[in-house]
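Asker: coords please:
(chains A and B, ligands or ions: 2)
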Amino acid sequence: MKNTEQAIITIDDAIVQADNLSLFYGEAQALFDISFAIPRHQVTALIGPSGCGKSTFIRCINRMNDLIDGLRITGSIKLDDRNIFDRAVDVIDLRRRVGMVFQKSNPFTKSIYENVIFGMRIAGINEKPILDETVEKSLRRAALWNEVKDRLHESAMGLSGGQMQRLCIARAIAVSPEIILMDEPCSALDPRSTAHIEDLIRDLNGEYTIIIVTHNMQQASRISDYTAFLYEGELIEFGPTNRVFTVPVKKATEDYITGRFG
Amino acid sequence: MLKKILKNKYWQDGEPFVWATGAALTLILVLTFALLFVIVKNGIAVYWPADLVHFEMEDGSAYLGEVVQTTDDEQAGIRHQVKIGNRDLYPLDFKWLTEAHIQQKTAPREAVLLERSAYGNFYGYLAGLELPSLEVPATDNPWARFKSALAALGPGLEELQDIQAELSTLNAQVERLDGKIAKLVYHDKEADPQMAALQRRKESLSQEFQAHVSRYEVRERDLMANTALFEDAGGRQQTIALMSVIRAYRPNDMSPVAKTGIYLRKVWELFTAEPRESNTEGGLFPAIFGTIMLIFIMSILSFPLGVLAGIYLREYAREGLLVRLVRIAVNNLAGIPSIVYGIFGLAFFVYGIGSSIDQLFFPEQLPTPTFGTGGILWASLTLGLLTVPVVIVATEEALGAIPSGLRESSFALGSTKLQTLTRILLPMASPGILTGFILAMARAAGEVAPLMITGVVKLAPALPLDATFPFLHLDRKFMHLGFHIYDIGFQSPNVEAAKPMVFVTTLLLLAIVITMTSSAIVLRSRMKKKFAITND
Ligand SMILES: Nc1ncnc2c1ncn2[C@@H]1O[C@H](COP(=O)(O)OP(=O)(O)O)[C@@H](O)[C@H]1O
Ligand SMILES: [Mg+2]
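Answerer: Residues are numbered from 1 along each chain as shown, chains lettered A, B, ... in the order given. Ligands and ions are numbered 1, 2, ... in the order given. Next up is the predicted model:
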């Protein structure tokens, strides 16, 4: 049956709005004219074959790409109606509002406690009661509290891979961001830890806006409310996860989801 | 044929290669330990009071001294090298005695070893005492009386030292006055009322100085009159002023405990006293002090500079041709022979900057240079220049080894570049940077060549740090253990007598380097434990 709906739907309560976003690494263009809105307090999954620009896209949202030499961006990304590429935008401020969890968990070589409050310390918050409270709250939120509450002041290097990744999530949560970007947070983890993180993401849903990159179709369908499919730097399809996975509009989406390539 | 051998399984498994690696390591270890063994063995025994042997020869002559070494060769037979000292009596203080010509060897209990402030050791027998200005009760034991006389000399010697201290204070004051007067003269203000005041002050100081000098001379003559009469092995008599005796003991009559006491006292003297007898006797304090201070100033100057440069190269400079060229240049700097740095230091620091400082700030002293001559500051700067590449490279590599994910995580949490650097990167890089420090310090401690033209001397009149204003005298020349080894080992008029000191100095230099590096290594391993990344 041929689906006649729009390939890229519009969103009423959007938190992030990309408009004609193109990105160039020097001469090579990595993103082509991407326009879509990301809904507030929902989980949005970015899927697509590797090299299609998923990481590039989410790293635009907290301007992580700023560090790259020779990078050029046209178009805009609005966060609550404000273009984040605007000169007047304070990157530090933006990154406090948009947290990020990376593919490879990378806790700092500090204690578990200091890892969680790193964002607060650099923001100049040093009052012990506040820090203590934040640590407990964030670790509980990241479903790690019970496992580490007795060794908060031991090095984070003693944790397992899955615990480290949850610690990184706690670290991101601790500065109370509005959006959490996750770039393949489970790809380096074993199935049990993956399940743990997925539970956690479902749990955080509704409170934070989560944008997660994954190459695991089942994962995307399990945890996300909306799904965006990128292919060779272009946004092919964006809609509710249910619909994208069951009745995709575009042929390319269908091919990818059914595993015909990628 | 060769091909066949090489195709052999034995070769292909790489067994010979494993053997070669093992052999290489073994060779290096053996050489290192052999070197250490020779130095430690020779250095550590120097201060142990050896037994004195009295030799009666066939020809009627007799010698008393310490056997330094015994050789056995086919032509000459067994021969002993004996240190017979008594430089005031004999032309040489070492003598080779052939075993075959020795009639009798004894170790008399009453044989005395005198360490003296001049003419080296005296080996002989106590024959009499002359004590005009000391109150020492007569006993029937002359050795005991001699020892109490030495002890009774103490207050007098202290008094002399006090006068000397006052003299050097006065001297420093006069020098400062001279500086002020020279300044007025330089500015053509000879008529200034200040000038007259200064002159008057100088006059009174000089008078005071003279008074002290005469007091010193009187007291010294007084003490010098107390003498002991000694006989050498052959019965020749020698009068020795008690004042010139630093230590007197009878090694053949001493228990191991008493010998240990002497040993410890001499080691203590080594660390705390000034050298005597053109550096072949006495302590090494100024050289130890100079060496440590040199490395210290060098570290203060070069380490922060190197770390900052390394941080800039790795974290701030944009990767490109220029940065690559700079990196190559820095790496090559580490390979330039140290004497070239010395020459550069002399030309740039001493003649360039030093002379300019003199012209700007000390014109009245010219032509006598203040900073325009070698000194500890210039030597430290030269060494700093020499070690800074090592620190830069270590810093760069330590920073480069940190996974970029940690940088990104830190940025993603809203930290600035500086915060990331100080809170994440530098702590993690610190073990690597410390390794650079260790290498740099070890290299600096061992360098002698560049120092020889930038300010080291064989005997410095004063330390670069002392109690006279302005306390830290960076323009002063200094002594250094490495140069000391070269100087006493190869430049001394009496090489044989200086040999023990060469070993002791080498041992000490090694000990300082090893102490510094091992404490840095301990620190590094602690930091490593703290900042190691584990991934499972
Ligand atoms: N720092 C960079 N410099 C140049 N090209 C890059 C850089 N990062 C990514 N790319 C290129 O951009 C494209 C998209 O990469 P990426 O966003 O990492 O893909 P994905 O995360 O979907 O696998 C790829 O072709 C990749 O080679
Ligand atoms: Mg990616």
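Asker: Let me see the contact set for A:Gly48.
Answerer: A:Gly48 sits next to A:54, A:229-231, A:256, A:262 when contact means C-beta atoms under 8 Å, 6 or more residues apart in numbering or on different chains. The C-beta positions use only the backbone N, C-alpha and C, and glycine is treated the same way.
Asker: can you check B:Thr98 too?
Answerer: B:76-79.
Asker: quick one: low-confidence ranges for the stretch 101-250 of chain A?
Answerer: Applying pLDDT under 70 to the stretch 101-250 of chain A flags no residue at all.
Asker: so how many other residues sit close to B:Phe490?
Answerer: The number of residues packed near B:Phe490 is 10, by other C-beta atoms under 10 Å in any protein chain shown.
Asker: from what I can see B:Phe94 touches B:Gln81, true?
Answerer: Yes: B:Phe94 lies in contact with B:Gln81 (C-beta atoms under 8 Å); the separation is 6.0 Å.
Asker: Widest-spaced pair of the contacts of A:Gly48?
Answerer: A:Lys54 and A:Tyr256 (12.4 Å; C-beta to C-beta).
Asker: Now for those two: what residues contact both?
Answerer: Common contacts of A:Lys54 and A:Tyr256 (C-beta under 8 Å, 6+ apart): A:47-48.
Asker: can you list the residues of chain A near ligand 1?
Answerer: Contact residues (C-beta under 6 Å from any ligand atom) of chain A with ligand 1: A:25, A:28, A:30, A:48, A:50-56, A:68.
Asker: sorry, back to before: what residues are shared contacts of B:Phe94 and B:Gln81?
Answerer: B:Val68.
Asker: What ranges does the chain have for its strands?
Answerer: Went with chain A since none was named. Using DSSP state E, the strands found in chain A span residues A:14-25, A:28-39, A:43-47, A:71-79, A:82-83, A:98-101, A:179-183, A:209-213, A:226-231, A:234-240.
Asker: Hmm, no, I was thinking of chain B.
Answerer: B:53-57, B:62-73, B:77-83, B:94-98, B:102-106, B:112-116, B:122-130, B:227-231, B:237-241, B:245-249, B:275-276, B:281-282.
Asker: what helices or strands is the fifth one leaning on?
Answerer: The helices and strands touching strand B:102-106, judged by 3 or more C-beta pairs under 8 Å, 6 or more residues apart in numbering or on different chains; DSSP states H and E, are strand B:53-57.
Asker: What strands line up against the strand it packs on, and which way round?
Answerer: Under the criterion DSSP bridges, strand B:53-57 sits next to strand B:62-73 (antiparallel), strand B:102-106 (antiparallel) in its sheet.
Asker: contacting residues around the residue most central in space within chain A?
Answerer: Nearest to the geometric centre of chain A sits A:Leu181, at 1.9 Å (C-alpha atoms, centre = their mean). By C-beta under 8 Å, 6+ apart, A:Leu181 lies in contact with A:58-59, A:61-62, A:98-101, A:211-212.
Asker: quick revisit: most neighbours among the contacts of A:Gly48, which one is it?
Answerer: A:Phe229 (29 neighbours).
Asker: what is it paired to in the beta sheet?
Answerer: According to DSSP bridges, beta-bridge pairing links A:Phe229 with A:Ile47, A:Glu237.
Asker: list the contacts for it?
Answerer: A:47-48, A:235-238, A:244, A:248, A:250, A:252-253, A:256.
Asker: go on, A:Met120?
Answerer: Counting by C-beta under 8 Å, 6+ apart, A:Met120 has contacts A:130-131, A:134, A:174-175.
Asker: What of B:Ile402?
Answerer: B:424-425, B:428-429.
Asker: Please tell me how far it sits from B:Pro304.
Answerer: Going from B:Ile402 to B:Pro304 by C-beta to C-beta, to the nearest Å gives 20 Å.
Asker: gap between the residue nearest to A:Lys104 when sequence neighbours are not counted and B:Leu421?
Answerer: Nearest residue to A:Lys104 in three dimensions, chain neighbours excluded: B:Gly405, at 5.3 Å (C-beta to C-beta, 6 or more residues apart in numbering or on different chains). Separation of B:Gly405 from B:Leu421 (C-beta to C-beta) stands at 16 Å.
Asker: And these two? Which one has more around it.
Answerer: Neighbours were tallied for B:Gly405 and for B:Leu421 using other C-beta under 10 Å; the higher tally belongs to B:Leu421 (19 against 16).
Asker: I figured that one hits B:Arg314, correct?
Answerer: No: with contact defined as C-beta under 8 Å, B:Leu421 does not count as touching B:Arg314 (10.1 Å).
Asker: What segments of the stretch 1-150 of chain A are helices?
Answerer: Using DSSP state H, counting those that start in this stretch, the helices of the stretch 1-150 of chain A run over residues A:54-61, A:91-97, A:112-116, A:118-122, A:128-141, A:145-148.
Asker: circling back to that earlier point, same for chain B: which of the contacts of A:Leu181 are within range?
Answerer: The subset of the contacts of A:Leu181 within reach of chain B, by C-beta under 8 Å from any C-beta of the partner chain, is A:62, A:99-100.
Asker: List buried residues within the residues you listed.
Answerer: A:62, A:99-100 (16 or more other C-beta atoms under 10 Å in any protein chain shown).
Asker: mind listing what A:Met217 touches?
Answerer: The contact partners of A:Met217, by C-beta under 8 Å, 6+ apart, come to A:47, A:245, A:257, A:259.
Asker: Isn't the third one up against A:Val247?
Answerer: In this case it means A:Ile257. No: assessed by C-beta under 8 Å, A:Ile257 is found out of contact with A:Val247, at 10.7 Å.
Asker: Neighbour count for those two, which is higher?
Answerer: Between A:Ile257 and A:Val247, A:Ile257 has the larger neighbour count (other C-beta under 10 Å), namely 20 against 14.
Asker: who's the nearest residue to B:Ile246 once chain neighbours are set aside bridged to?
Answerer: Nearest non-adjacent residue to B:Ile246, counting by C-beta to C-beta, 6+ apart: B:Glu115, 4.5 Å away. Using DSSP bridges, the beta-bridge partners of B:Glu115 come out as B:Arg247.
Asker: With B:Gly282 instead?
Answerer: B:Pro275.
Asker: B:Lys266 is in contact with that one, correct?
Answerer: No: using C-beta under 8 Å, B:Gly282 makes no contact with B:Lys266, being 9.8 Å away.
Asker: got the residues of the stretch 151-300 of chain B near chain A?
Answerer: Within the stretch 151-300 of chain B, no position is near chain A by C-beta under 8 Å from any C-beta.
Asker: What about whichever residue of the stretch 401-536 of chain B sits closest to ligand 1, how many residues nearby?
Answerer: Nearest residue of the stretch 401-536 of chain B to ligand 1, counting by C-beta to the nearest ligand atom: B:Ser404, 10.8 Å away. If you count neighbours by other C-beta under 10 Å, B:Ser404 ends up with 10.
Asker: and it, what pLDDT?
Answerer: We have a pLDDT of 88 for B:Ser404.
Asker: ditto for B:Asp536
Answerer: For B:Asp536, the pLDDT comes out at 41.
Asker: What of B:Leu2?
Answerer: For B:Leu2, pLDDT reads 69.
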